[in-house]
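Asks: Dropping the sequence and predicted coords here.
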Amino acid sequence: MDGVQERDGGEYAIEAAGLRKTFNGVAAVDGVSFSVRRGEVFGFLGPNGAGKTTTVRMLTGVIRPDGGSARILGHDIVRAPVRAKQGFGVVPETANAYADLTAGQNLMLVAGLYGLDRSKAERRAEALLSALGLFERQDDRVQGFSKGMKQRLILAMALLHEPDLLFLDEPTGGLDVQSTHLILSMLRDLNAAGTTIFLTTHNMDEANRLCDRVAIMRTGRIVALDAPERLKMAIERLHTVEVSFDGRVEAGALAALAGIVSADREGDRWVIATADVDAAVRALVGFAGAEGLRIVRLNTPAPTLDEAFLRLTEGTG
Amino acid sequence: MNPEHPFEQMRRALAITKKDIRIYYAKGPVVIFGLFMPLFLFLAFAVGNRGLSVPFLVSGLLAMTLFFTATAVSPVIQPWEAQARTLERLLAAPITMRTLVAGDMLASLVFTLLIAAVPVGIGCAAGAPPLHPLTLFAGIVLGAVCFSAFGLLLSTPPTNVPSNVMMLSSLVKFPLIFISGVFVPVEELPLWGQALAVCSPLTYFTDIARYALMDTHTFPVFADLAALAGFALLFGAVAMALHERTVGGRI
């Protein structure tokens, strides 16, 4: 491990330098370096097996890195793990509350693990359970909870000690709309109040809406790190034009127009791929006039984060 | 609050103890198994050896109860938790591995001390009250600490499959019963058996129980107590060090 000096303050909530982890000779994480500023919402994206979870596990002190270093809230996660862990909360992908305990008992266990004063912890638990719609179920065993309820409880457990930094691994994966809305709304409020959020997700829309910056991982390395908008604009791509007509059109007729690379039908609209938007729009307008068709809708959408993600991670599973 | 302070870590170990007792120990089947397993083993032995005195039988029953109870649940807690992903939660919490192991050990200790009262009560009811109650109490406490640490040592293989640990645990625990003077006093064992008996911590607890209930013993009592304390420290320290090294293989 590289040596790092301890400090409590600082601009960064997370500083990872050359993190490496190998399993059975295969590098799961290969020299990952990045920093997350305090108060930032940082998205961590990548396909399955890219090394996201291994990176998060190293950052949260669950597994020890084979190389490199990480400072969390100014504390080296290997040399001062207890101090580092005291300052953050974790919401893992799999809800891991104790199924044999009640919601309230799970929260009091967390209070004990973080050394919280019992009466303060009880007040905080009550407030969190109320905010997350679980107050009425606080005396029920977790084994009877739905997936959404378990995930909301996990969030409450992660927030009980009022952490400065919150790690979330796919917090809304497979959840119902109500739970997803509740969790995302709470994350926005937390961030507005100053909590740094490190979000691992497959949901590009979620990352796009929540994150100040995103890092995209591929085969153990970070292949891109920037603000979502800049990432979207940075990728080289064919542009897209979406068009709808009030009559029937053959795909071959559109694809044969000047400047159009391909034309695919999606419902009642055509998605046109082109290297030159201006030429494509002119050709489409000319085509409509010549065929006696009305253009119902014409749109030139901006590139999406999904496209950036796919382009940067193509060739991986 | 300094989260690294030993007192603070001890408080956090108590939270783990409370959780363990609620989830793993305060269950009817666990209590029944902790009592019935040694009782039936010993009844089988007693029926086949009818000339044995009540204090001899009760001291053996106490030794087996203490040993089996302390090592019944503690070896499988971490594999269970790894499988349920709750171990990951504990590893991300501001506690050290020593705190985690100490919490598990303390839960086993509390449970074992409570269960140990049952064979002592049976002895009193059957006309074999302790002749040296303070020595017996000290022996039970040290024995419970020692065997709980031994249980934690048995759970160090890096697996998240509880049955793997159970199998290993049985392979180690049952032979120990036969070389520790529970069924046959150590001095009546063959020479190789006596050599093995010296290496077993259960031998020293059985000797204390015999002394407390029958006023006979193979080793000096202070040597028995010192041996139990030594084994407890050794098992506890090795268990903590090995868990630190092998936990990565469970996750």
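Replies: Right, received. Where do you want to start? Residues are numbered from 1 along each chain as shown, chains lettered A, B, ... in the order given.
Asks: So which residues on the stretch 151-300 of chain A come close to chain B?
Replies: Proximity of the stretch 151-300 of chain A to chain B, by C-beta under 8 Å from any C-beta of the partner chain, involves residues A:M157. All C-beta atoms are positioned from the backbone trio N, CA, C, and that covers glycine.
Asks: If we use 10 Å, what do you get?
Replies: Neighbours of chain B within the stretch 151-300 of chain A, by C-beta under 10 Å from any C-beta of the partner chain: A:154, A:157-158, A:161, A:167.
Asks: Which single one of these is nearest to B:F7?
Replies: A:H161 (18.4 Å; C-beta to C-beta).
Asks: show me the contacts for that closest one.
Replies: By C-beta atoms under 10 Å, 6 or more residues apart in numbering or on different chains, the contact set of A:H161 is A:86-89, A:110-111, A:113-116, A:120-121, A:124, B:93-94.
Asks: How about the secondary structure of it?
Replies: The local conformation at A:H161, judged by DSSP: H, G, I helix; E, B strand; the rest coil, is coil.
Asks: how about low-confidence regions in chain B?
Replies: Where chain B drops to pLDDT under 70, the residues are B:49-50.
Asks: By proximity to chain A, which residue of it wins?
Replies: Ranked by C-beta to the nearest C-beta, the top residue of chain B for proximity to chain A is B:A15, at 2.5 Å.
Asks: from memory that residue sits against A:V110, does it?
Replies: Yes - using C-beta atoms under 10 Å, B:A15 is in contact with A:V110, at 8.6 Å.
Asks: Would you map the strands across the stretch 1-150 of chain A?
Replies: With DSSP state E, counting those that start in this stretch as the criterion, the stretch 1-150 of chain A has strands at A:12-23, A:26-37, A:41-45, A:67-72, A:75-76, A:88-91.
Asks: Could you export those to CSV, including columns for mean neighbour count and distance to A:R297?
Replies: Shown next, in CSV, are the strands of the stretch 1-150 of chain A (neighbours: other C-beta atoms under 10 Å in any protein chain shown; distance: least, C-beta to C-beta, whole Å):
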stretch, mean neighbour count, distance to A:R297
strand A:12-23, 19, 44
strand A:26-37, 18, 41
strand A:41-45, 25, 31
strand A:67-72, 22, 49
strand A:75-76, 21, 54
strand A:88-91, 26, 40
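Asks: Mind checking those strands for the one nearest to chain B?
Replies: strand A:88-91 (4.6 Å).
Asks: and the closest one, which strands flank it?
Replies: strand A:165-169 (parallel) (DSSP bridges).
Asks: Please name the residues that touch the closest residue to chain B within the stretch 51-200 of chain A.
Replies: Nearest residue of the stretch 51-200 of chain A to chain B: A:G112, at 2.5 Å (C-beta to the nearest C-beta). Residues near A:G112 by C-beta under 10 Å, 6+ apart: A:118, A:121, B:11-19, B:93, B:95, B:103.
Asks: Can you tell me which of those residues are buried?
Replies: Buried members of these, scored by 16 or more other C-beta atoms under 10 Å in any protein chain shown, are A:121, B:12-13, B:15-19, B:93, B:95, B:103.
Asks: quick one on the thing from earlier: from the contacts of A:H161, which is closest to A:V223?
Replies: For those, the nearest to A:V223 is A:F88 (25.8 Å; C-beta to C-beta).
Asks: any idea of the pLDDT on the closest one?
Replies: Note on A:F88: pLDDT of 97.
Asks: Look up which residues are beta-bridged to it.
Replies: Beta-bridge partners, per DSSP bridges, of A:F88: A:L165.
Asks: so who does it touch?
Replies: Contacts of A:F88 (C-beta under 10 Å, 6+ apart): A:13-14, A:59-61, A:72-73, A:77, A:158, A:161, A:163-167, A:195-196, A:198, B:92, B:94.
Asks: ok, 7 Å please
Replies: If you count contacts by C-beta atoms under 7 Å, 6 or more residues apart in numbering or on different chains, A:F88 has them with A:72-73, A:163, A:165-167.
Asks: Wait, A:P301 touches A:T240, no?
Replies: Yes - assessed by C-beta atoms under 7 Å, A:P301 is found in contact with A:T240 at 5.7 Å.
Asks: Compare these two (neighbour count), which wins?
Replies: Neighbours per residue (other C-beta atoms under 10 Å in any protein chain shown) separate A:P301 from A:T240, with A:T240 holding more: 18 against 11.
Asks: Confirm that that one sits in a helix.
Replies: No - remark: A:T240 does not belong to a helix; assigned using three-state DSSP, it is strand.
Asks: Any figure for the gap between it and A:A263?
Replies: Separation of A:T240 from A:A263 (C-beta to C-beta, to the nearest Å): 11 Å.
Asks: So for the two, which residues contact both of them?
Replies: Common neighbours of A:T240 and A:A263 (C-beta under 7 Å, 6+ apart) are A:I272.
Asks: quick one: contacts for A:T180?
Replies: Contact partners of A:T180, counting by C-beta under 7 Å, 6+ apart, are A:T172.
Asks: Start from the N-terminal end of chain B and give the helices.
Replies: Under the criterion DSSP state H, chain B contains helices at B:6-20, B:28-48, B:54-70, B:74-83, B:86-91, B:97-125, B:133-154, B:162-178, B:191-199, B:201-214, B:221-246.
Asks: right, and those helices - which one's nearest A:A95?
Replies: Here helix B:86-91 is closest among the helices of chain B (C-beta to C-beta), at 10.1 Å.
Asks: Could you name the helices and strands sitting against the closest one?
Replies: Applying 3 or more C-beta pairs under 7 Å, 6 or more residues apart in numbering or on different chains; DSSP states H and E, one finds that helix B:86-91 contacts helix B:74-83.
Asks: And the helix it packs on, what's buried?
Replies: B:74-82.
Asks: Quickly check: it near chain A or not.
Replies: No - applying C-beta under 7 Å from any C-beta of the partner chain, one finds helix B:74-83 separated from chain A by no less than 9.0 Å.
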